[in-house]
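Asker: Dropping a prediction and its sequence here:
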Protein chains: 2
Amino acid sequence: MRAQEQGSGGCSEDLNIQRPHANHKKMGEQPCANAEVDPCPFEITEPTVLHKGEWLITRRVNWKQLKSGKTGTWEIAARPLRATKAEVQGVDIIATLSRGGKKYFVLVKQFRIPVNAWCLEFPAGLIDPNETVEESAIRELNEETGFVASRVLGRTRGSQPLDPGLTDDSVQFVMVEIDGDAPENANPKQKLDEAESIDVILVECDKLLSYLREHESKYQIEAMLYTFAIGHAMSQSAVFPTLNGVPKSC
Amino acid sequence: MRAQEQGSGGCSEDLNIQRPHANHKKMGEQPCANAEVDPCPFEITEPTVLHKGEWLITRRVNWKQLKSGKTGTWEIAARPLRATKAEVQGVDIIATLSRGGKKYFVLVKQFRIPVNAWCLEFPAGLIDPNETVEESAIRELNEETGFVASRVLGRTRGSQPLDPGLTDDSVQFVMVEIDGDAPENANPKQKLDEAESIDVILVECDKLLSYLREHESKYQIEAMLYTFAIGHAMSQSAVFPTLNGVPKSC
């Protein structure tokens, strides 16, 4: 449980939220996103804006649980919405690279100002207005790692929230293969802007979890990369000496 | 890239951040968390508080990239810090349940106010002040699902940020096994508070990804659950008809 039952005041402002996907409804005006599947358990008021920045909007809503009649407030960190063709604003890229007969996962080590630390993550980024999710994945992968994707295998649909107890930030995932033996991937060159500090890390696929465990005290490891590695190791037949607590197969 | 290069003003306030773990350093006063491993690429000022709520603090920092001299601001959503024995404030539980010779993953379907939608997630919660991470995992699992853990297999260390481009929110993961045939798990009773709306979902282990793909347009699926399922399916030898784009083995 991560229930919030109190909030504190601030300035008020009208919001006009437009999201491209049916999963995102305007609070206080329309029912919750999947009301057609399950009834909304809460009545939620139109949000009050507590602070509006360029990159972050802090909002407060009042909620009333329909069953119990209990009421409270919830404070939300929201990304200012940008119009995109895609259902979400961000994309994360799960990429495998083949080189010399071996297969690797492609990670980035990036300095993250909000946690004031170097983090291990999947390559990721914001989708540009006229891009599809797949186009964005190919571009972001190339900018952050220098690698040219050989094949897009597929992507998720809907909206995958990153921290839905606190923010409305969400992504979709794109699965990509990279031919690491191809000439265009012999000398990958990143195309970083000056505000980015990113190193590319290739980890042999069957060593991903042990790599993360070896580095978990040095680097912060983004939650969704860590769970990916745990899931991947769980169904491997080989025993990972460093697993120490991940159930073998399932 | 999710670079922020601009911010906008607000009130200022002194912050006194205390975190139990060396990975969390006070911005503007100490170097970044893992400076001993890699030098910090940015000089970051003491944060200005843009809004302080009970559950959410919005901050802005000024950053200067040491290499290029480029400067900018970053807006951050932070959880107000609570003292815990643990290195982080939150725990997520990756639980398998055995029943009648079958194995299941234990998920929760929870209404999340920040995204105004029902979400599929791992059981999770905030760590109480005097709990260890493992104790918190056992308690939260029992409260949210009614299940009594039979065995804690292990946990991650350090800090796993959930959305490190936007917030400082982070967790550790605990791996748990549940004996679904044991008497105490015959009639699991949730212990929810009135602000929670949570349904328990058991998904056969080898059907997790196909389950999520079937439900991705109905429910929002938390990013770290989705990547777990992709990782798990990637190294399965069987072909998943609904995978459609997840590389088979790696």
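Answerer: Alright, I've got the coordinates.
Asker: May I have the phi/psi pair for A:I44?
Answerer: Dihedral angles of A:I44 (phi, psi; degrees, to the nearest 10) stand at phi -120, psi 130.
Asker: Tell me how chain A divides into domains.
Answerer: A:42-78, A:90-236 (the TED database).
Asker: Turn those into TSV, columns for distance to B:H232, mean neighbour count and mean pLDDT.
Answerer: (Glycine included, C-beta is placed from N, CA and C.) Shown next, in TSV, are the domains of chain A (distance: least, C-beta to C-beta, whole Å; neighbours: other C-beta atoms under 10 Å in any protein chain shown; pLDDT from 0 to 100):
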stretch	distance to B:H232	mean neighbour count	mean pLDDT
domain A:42-78	30	19	93
domain A:90-236	4	21	94
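Asker: Just send the ones you listed back as JSON lines, with distance to chain B too.
Answerer: Formatted as JSON lines, the domains of chain A follow (distance: least, C-beta to the nearest C-beta, whole Å):
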{"stretch": "domain A:42-78", "distance to chain B": "3"}
{"stretch": "domain A:90-236", "distance to chain B": "2"}
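Asker: could I get the ones you listed as TSV with distance to B:F42?
Answerer: Below are those laid out as TSV (distance: least, C-beta to C-beta, whole Å):
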stretch	distance to B:F42
domain A:42-78	16
domain A:90-236	6
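Asker: Let me know which of those is the nearest to B:C32.
Answerer: Of all the domains of chain A, the one in closest proximity to B:C32, counting by C-beta to C-beta, is domain A:90-236 (4.8 Å).
Asker: measure A:T227 to A:N116 for me?
Answerer: Separation of A:T227 from A:N116 (C-beta to C-beta, to the nearest Å) stands at 23 Å.
Asker: make that A:I127, sorry
Answerer: A:I127 is 27 Å from A:N116, where distance means C-beta to C-beta.
Asker: how about the helices in chain A?
Answerer: Ranges of helices in chain A, per DSSP state H, are A:133-145, A:208-215, A:223-234.
Asker: Now do the longest one: distance to the chain's middle.
Answerer: Meaning helix A:133-145. Put simply, helix A:133-145 sits 14 Å off its chain's centre (C-alpha atoms, centre = their mean, to the nearest Å).
Asker: Need the CA coordinates for that helix. PDB is fine.
Answerer: This file holds the C-alpha atoms of helix A:133-145, laid out as PDB (Å, rounded to 0.1, in the frame of the first residue of the first chain):
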ATOM      1  CA  VAL A 133       6.900   4.500 -31.400                       C
ATOM      2  CA  GLU A 134       9.100   2.300 -33.600                       C
ATOM      3  CA  GLU A 135      10.700   5.300 -35.400                       C
ATOM      4  CA  SER A 136      11.400   6.900 -32.000                       C
ATOM      5  CA  ALA A 137      13.000   3.700 -30.700                       C
ATOM      6  CA  ILE A 138      15.300   3.400 -33.800                       C
ATOM      7  CA  ARG A 139      16.300   7.100 -33.500                       C
ATOM      8  CA  GLU A 140      16.800   7.100 -29.700                       C
ATOM      9  CA  LEU A 141      18.800   3.900 -29.900                       C
ATOM     10  CA  ASN A 142      21.100   5.400 -32.500                       C
ATOM     11  CA  GLU A 143      21.500   8.700 -30.600                       C
ATOM     12  CA  GLU A 144      22.200   7.200 -27.200                       C
ATOM     13  CA  THR A 145      24.400   4.200 -28.400                       C
END
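Asker: contact partners of that helix?
Answerer: Contact partners of helix A:133-145, identified using C-beta atoms under 8 Å, 6 or more residues apart in numbering or on different chains, comprise A:86-88, A:91, A:93, A:95, A:106, A:108, A:123-128, A:131, A:147-149, A:152, A:155, A:172, A:174, A:176, A:178, A:188, A:190-192, A:196, A:198, A:200, B:1.
Asker: run the last query once more with 7 Å
Answerer: Applying C-beta atoms under 7 Å, 6 or more residues apart in numbering or on different chains, the external contacts of helix A:133-145 come out as A:86, A:91, A:93, A:95, A:106, A:108, A:123-125, A:127-128, A:147-149, A:152, A:155, A:172, A:174, A:176, A:188, A:190-192, A:198, A:200, B:1.
Asker: Which of these fall in strands?
Answerer: Using DSSP state E, A:91, A:93, A:95, A:106, A:108, A:124-125, A:152, A:155, A:172, A:174, A:176, A:198, A:200 are the members of the contacts of helix A:133-145 that sit in strands.
Asker: Could you dump these into CSV with distance to B:E143 added?
Answerer: Converted to CSV, the ones in strands among the contacts of helix A:133-145 look like this (distance: C-beta to C-beta, whole Å):
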residue, distance to B:E143
A:V91, 35
A:I93, 36
A:A95, 38
A:V106, 38
A:V108, 36
A:A124, 33
A:G125, 37
A:V152, 41
A:R155, 35
A:Q172, 31
A:V174, 36
A:V176, 39
A:I198, 39
A:V200, 41
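Asker: what's the closest of those residues to B:K64?
Answerer: Here the nearest of those to B:K64, counting by C-beta to C-beta, is A:I198; it sits at 17.7 Å.
Asker: shouldn't A:P41 be in contact with B:D199?
Answerer: No - when contacts are counted by C-beta atoms under 7 Å, A:P41 is not listed as touching B:D199 (10.4 Å).
Asker: Quickly list what the closest residue to A:Y211 other than its chain neighbours is bridged to.
Answerer: Take A:Y211 and drop its neighbours on the chain: the residue closest to it by C-beta to C-beta, 6 or more residues apart in numbering or on different chains is A:V203, 4.7 Å away. When assigned by DSSP bridges, A:V203 has beta-bridge partners A:F105.
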